[in-house]
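Trainee: Provide a 3D model corresponding to the input given below.
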Amino acid sequence: MKIGENQLKYIDMVITVADGAGIKCQAGEFSLLVDPPSQRKGNLILKTRTELPIDSFSSENIIWGSGEYEVSGVRVHGIALPSESTAKTVRSIYAIEFDGMRIAFLINVSSELSEDMIDGLGEVDILFFSADAKKIKPKQMVSLIKQIDPSIIIPAEDSAAKILMEEMGQRVKAEEKLTVKKGDLIKEDMANKLVWLTTK
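Mentor: Numbering: from 1, shown residues only. Next up, the predicted model:
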């Protein structure tokens, strides 16, 4: 069943993150997966790293690059990372409009973003973030996050959580899931709140 925007209005979204299993955002019967193992299925799948050629997984609900898309009422803005892409690999970041929230995915980035890229993400409610610590220093990671200025920051990997806790001075305990909706963010007036999700 396709779920339109009006059907997805401000219901609870359940978010989970697992090393090696990707990110899952579930709102009602609609599931969004980011970088899942190939056998996992969802209504919408985003791939931040894509090995070419792509014929083996081509599908209308799998998005793997730059551009504007809409799947089941969910709007997706894909932004290419040219400095991290090669002739064999496409790297992308995304911002989506999902049930009244704008969610951005910056996964394992290895270079700083240009002002145009940051502007393209828009006003972000929830930011999923991880970076290559060998190429981007912790202070640069935090500087990038503060430029985006999300309400909630969710590290996409446990290693990223530990770096950000140290650099941002936020001590948080690992949780298995986060349940949130747009109204929660407005009511609590959150800003740059770190949430650590892990299945370990």
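
Trainee: just for the protein, where's the confidence low?
Mentor: 1-10, 20, 39, 54-59, 187, 199-200 (pLDDT under 70).

Trainee: mind running it again at 50?
Mentor: 1-7 (pLDDT under 50).

Trainee: which parts of it are helices?
Mentor: 115-121, 138-148, 158-168, 182-188 (DSSP state H).

Trainee: which residues are contacting the first one?
Mentor: With contacts defined as C-beta atoms under 8 Å, 6 or more residues apart in numbering, helix 115-121 is touched by 77, 79, 93, 95, 104, 144, 147-148. C-beta coordinates here come from the backbone N, C-alpha and C atoms, glycine included.

Trainee: change it to 7 Å
Mentor: Identification of contacts with helix 115-121 by C-beta atoms under 7 Å, 6 or more residues apart in numbering yields 77, 79, 95, 104, 147-148.

Trainee: among those, which ones are buried?
Mentor: Among the contacts of helix 115-121, those classed as buried by neighbour count (16 or more other C-beta atoms under 10 Å) are 77, 79, 95, 104, 148.

Trainee: give me the number of residues near residue 171?
Mentor: Look at residue 171: counted by other C-beta atoms under 10 Å, it has 9 neighbours.

Trainee: follow-up on the earlier one: looking at the helices of the chain, which is buried most?
Mentor: helix 158-168 (a mean of 18; mean count of other C-beta atoms under 10 Å).

Trainee: please export the C-alpha coordinates of it as PDB.
Mentor: The C-alpha trace of helix 158-168 is given here as PDB (Å, rounded to 0.1, in the frame of the first residue of the first chain):
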ATOM      1  CA  ASP A 158      29.200   3.500  17.400                       C
ATOM      2  CA  SER A 159      32.700   4.900  16.700                       C
ATOM      3  CA  ALA A 160      31.100   8.200  15.500                       C
ATOM      4  CA  ALA A 161      29.000   8.300  18.700                       C
ATOM      5  CA  LYS A 162      32.100   8.100  20.900                       C
ATOM      6  CA  ILE A 163      33.900  10.800  18.900                       C
ATOM      7  CA  LEU A 164      30.900  13.200  19.000                       C
ATOM      8  CA  MET A 165      30.200  12.600  22.700                       C
ATOM      9  CA  GLU A 166      33.800  13.600  23.500                       C
ATOM     10  CA  GLU A 167      33.900  16.600  21.200                       C
ATOM     11  CA  MET A 168      30.500  17.900  21.900                       C
END
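
Trainee: from the buried ones among the contacts of helix 115-121, which is closest to residue 67?
Mentor: Set against residue 67, the nearest of those by C-beta to C-beta is residue 77 (8.0 Å).

Trainee: measure the spatially closest residue to that closest one that is not a sequence neighbour to residue 122 for me?
Mentor: Spatially, and ignoring its direct neighbours in sequence, residue 77 is nearest to residue 95 (4.7 Å; C-beta to C-beta, 6 or more residues apart in numbering). Distance from residue 95 to residue 122, counting by C-beta to C-beta, to the nearest Å: 6 Å.

Trainee: for residue 112, same thing?
Mentor: 18 Å.

Trainee: higher neighbour count, these two?
Mentor: Per other C-beta under 10 Å, whichever of residue 112 and residue 122 has more neighbours is residue 112, with 16 against 13.

Trainee: that concludes my questions; thank you for your assistance.
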